[in-house]
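Asker: give me coordinates for this.
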Amino acid sequence: MFDTVIKNGTIVTARETFSADLAITGQSIAAIGTDLRGKREIDATGKLVTPGAVDIHVHMQMPLGDGVISADTFHTGTHAAAFGGTTTIVDFVDTKPDETMLDALAKRRAEADPQVVIDYALHMTIVPSDMDKLHQLPAVVAAGCGSFKLYMAYSFRLTDDQLYRALSAINKVNGLPVIHAENWDIICQLQREAIAKGNTQPRWHPRTRPPEFEAEATGRAIDIAAYVGTPLHIFHVSCQQVVERIAAARARGLPITGETCPQYLFKTWDAFEADGIAGTLPTCAPPIRDHVQQAALWTALSDGHLQLITTDHCPFSRADKARGLDNFTRIPGGVPSIEMRFPAIYSKGVLEGYLTLNQWVDLCCTIPAKLIGLPKKGDIAVGYDADLVIFDPTKTVTLSTETLHEAVDWTLYDGLEVSGWPTDVLSRGELIVAAGVAKMAAGRGRFIKTNGTFRG
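Answerer: Residues are numbered from 1 along each chain as shown. The predicted structure follows:
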């Protein structure tokens, strides 16, 4: 007699799809078979049973300065994630110039631990002021941060020599570098030229960040990583030109991976043409591009040239977005996608024939967990954490601020009809969403150390 048995469902993993019962004891998957019995039984007839989705790229309560901070706290953001079937996230640690990386990690955990309703991990960010702290990386890895965020844009940008030094240090501790790749010098020049001509509207945001220079920066980062001998993960790929750089590197046997995000798969730069504040809302970086680029990204996912889908979830209020209404360079960048990602990728990706069921789970659950080194996450197997989604493929949800749970007063996907949605979600065996109703308490989530299995 098991604690919980999910009966009569269709289990979907990255490898196979089959009908079976799934049993849970304590916090772990205990058995997969037929005619299993439990103290609690959940009937999943007609439903899919998948691993909990894993989102390795989110920004909760991220401060930008001048009073601007991303709208979702660790509580509201993980609450929304759970409703969408995501049971593990990875956020970021930023170290101030006068503190150690371990102090910054402890501070970020102190923010997250009392709030999270699902499990989480953290990337350590390395910016120019951290270059004299690279000797601290072994202690950071020992404390549970096995991945490191690098920027090629904004004030966080590392120069090429700094990239080389950072990648070398990360490689020595068996870490995984993850990178925002854009050519910041050219972007700034194009922005200056646009503003000088009076082109200040939001539509100029994507037009001053050309795909050619996202690709150029990606290629440069790949070349430096290859010279160092380290793996490299490319964040938020928005265009075919970057896909081609990643595919070429992988064809050479290099351990390079890439992700894309829902904003690039469901929206195009036509959204910037909306009047008023609405035209500022799609702003993110790299930018949302045209229909041709969107189609190319779906093809890249289908063909395996992009390896996972994350969100880069970083929502700002309409009032914060409006700060850049008259100058697109001042719009805080980021969109909310944490709740819609898993079901929306099923709805468009699977139902429209871009992805198989197994690819859907692989892209959203299994590969993200393996890449970042999250043990016992992202798969359905005996001994793994009982992070599970009971997914109703017939349930239809129309996305809006009323149906979604993010703490922000807009959604980029307003009016999008999604076919298929989670009805029940379990985190380490605990039913945290039951028949669409929240059953989760703040602080029940736990910090998970990343363990470096991405090297395999």
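
Asker: just the pLDDT at residue 454, thanks.
Answerer: pLDDT for residue 454: 57.

Asker: assumed residue 319 was part of a helix.
Answerer: Yes - looking at residue 319 with DSSP: H, G, I helix; E, B strand; the rest coil, it is inside a helix.

Asker: any idea how far it lies from residue 68?
Answerer: 10 Å (CB to CB, to the nearest Å). For glycine as for every other residue, the C-beta is placed from the backbone atoms N, C-alpha and C.

Asker: okay, these two: which has more neighbours?
Answerer: Per other CB atoms under 10 Å, whichever of residue 319 and residue 68 has more neighbours is residue 68, with 16 against 10.

Asker: backbone phi and psi for the more buried one, please?
Answerer: Backbone torsions of residue 68, given as degrees, to the nearest 10, read phi -90, psi 130.

Asker: what sits against it?
Answerer: Taking CB atoms under 8 Å, 6 or more residues apart in numbering, we find residue 68 in contact with 316, 320, 323, 332.

Asker: show me where the stretch 101-250 of the chain has helices.
Answerer: Secondary structure of the stretch 101-250 of the chain (DSSP state H, counting those that start in this stretch): helices located at 101-112, 137-142, 160-172, 184-196, 204-207, 211-228, 240-251.

Asker: the stretch 251-400 of the chain now?
Answerer: So, for the stretch 251-400 of the chain - with DSSP H, counting those that start in this stretch - the helices run 262-266, 291-303, 318-321, 341-344, 357-361, 367-372.

Asker: residue 418 is nearest to which of the ones you listed?
Answerer: Among the helices of the stretch 251-400 of the chain, helix 341-344 comes nearest to residue 418, with 5.2 Å by CB to CB.

Asker: which of the contacts of residue 68 tops the neighbour count?
Answerer: Ranked by the number of neighbours (other CB under 10 Å), the contacts of residue 68 place residue 316 first, at 27 neighbours.

Asker: if I look at that one, how far off is residue 68?
Answerer: Applying CB to CB to residue 316 and residue 68 gives a distance of 7 Å.

Asker: next one: residue 330
Answerer: Taken as CB to CB, the span from residue 330 to residue 68 is 10 Å.

Asker: how about residue 127?
Answerer: Relative to residue 68, and taking CB to CB, residue 127 is found at 18 Å.

Asker: which of the contacts of residue 68 sits closest to residue 247?
Answerer: Using CB to CB, the contacts of residue 68 come closest to residue 247 at residue 332, 32.3 Å.

Asker: can you pull the pLDDT of the nearest residue to that closest one once chain neighbours are set aside?
Answerer: Spatially, and ignoring its direct neighbours in sequence, residue 332 is nearest to residue 316 (4.5 Å; CB to CB, 6 or more residues apart in numbering). On pLDDT, residue 316 comes in at 97.

Asker: I figured residue 316 hits residue 67, correct?
Answerer: No - between residue 316 and residue 67 there is no contact under CB atoms under 8 Å: 11.4 Å.

Asker: dump the contacts of residue 68 into JSON lines; add distance to residue 242 as well.
Answerer: JSON lines is the format used below for these (distance: CB to CB, whole Å):
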{"residue": "316", "distance to residue 242": "25"}
{"residue": "320", "distance to residue 242": "28"}
{"residue": "323", "distance to residue 242": "29"}
{"residue": "332", "distance to residue 242": "23"}
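
Asker: among those residues, give me the pair with the biggest separation.
Answerer: Counting by CB to CB, the most remote pair of the contacts of residue 68 is 316 and 323, 9.0 Å apart.

Asker: what touches both of the two?
Answerer: Residues within reach of residue 316 and of residue 323 at once, by CB under 8 Å, 6+ apart, are 68, 332.

Asker: where does pLDDT dip in the stretch 51-200 of the chain?
Answerer: By pLDDT under 70, the stretch 51-200 of the chain has no low-scoring segment.

Asker: what about residue 109, distance to residue 74?
Answerer: Remark: distance between residue 109 and residue 74 (CB to CB) = 10 Å.

Asker: which one's more surrounded, these two?
Answerer: Using other CB under 10 Å as the criterion, residue 109 and residue 74 rank with residue 74 on top: 25 against 17.

Asker: which residues touch that one?
Answerer: Applying CB under 8 Å, 6+ apart, we find residue 74 in contact with 60-61, 91, 111-112, 115-116, 120.

Asker: circling back to that earlier point, what is in contact with residue 330 and residue 68 at once?
Answerer: Counting by CB under 8 Å, 6+ apart, the residues touching both residue 330 and residue 68 are residue 323.

Asker: how near is the nearest residue in space to residue 190 that is not next to it in sequence to residue 193?
Answerer: Nearest residue to residue 190, sequence neighbours excluded (CB to CB, 6+ apart): residue 208, at 4.0 Å. Using CB to CB, we find residue 208 at a distance of 8 Å from residue 193.

Asker: compare those two (neighbour count), which wins?
Answerer: More crowded of residue 208 and residue 193, by other CB under 10 Å: residue 208, with 21 against 12.

Asker: span of stretch 402-415 from start to end?
Answerer: With CA to CA, to the nearest Å applied, stretch 402-415 spans 11 Å between its terminal residues.

Asker: just stretch 12-26 next, same as before
Answerer: End-to-end distance for stretch 12-26, by CA to CA: 22 Å.

Asker: just the residues contacting that stretch, thanks.
Answerer: Stretch 12-26 is contacted from outside by 2-11, 29-36, 38, 48-51, 357-362, 365-367, 379-381, 386, 388, 426, 429, using CB under 8 Å, 6+ apart.

Asker: may I see the buried residues of it?
Answerer: Buried positions in stretch 12-26, judged by neighbour count with 16 or more other CB atoms under 10 Å: 12-14, 20-24.

Asker: now do it, average pLDDT.
Answerer: Average pLDDT, stretch 12-26: 98.

Asker: okay, now the closest residue to residue 166 other than its chain neighbours: neighbour count?
Answerer: Of all residues not flanking residue 166 in the chain, residue 126 sits nearest, at 5.0 Å (CB to CB, 6+ apart). Look at residue 126: counted by other CB under 10 Å, it has 29 neighbours.

Asker: residue 126 touches residue 148, doesn't it?
Answerer: Yes - using CB under 8 Å, residue 126 makes contact with residue 148 at a distance of 5.5 Å.

Asker: of the buried residues of stretch 12-26, which belong to strands?
Answerer: Counting by DSSP state E, the part of the buried residues of stretch 12-26 found in strands is 12, 20-24.
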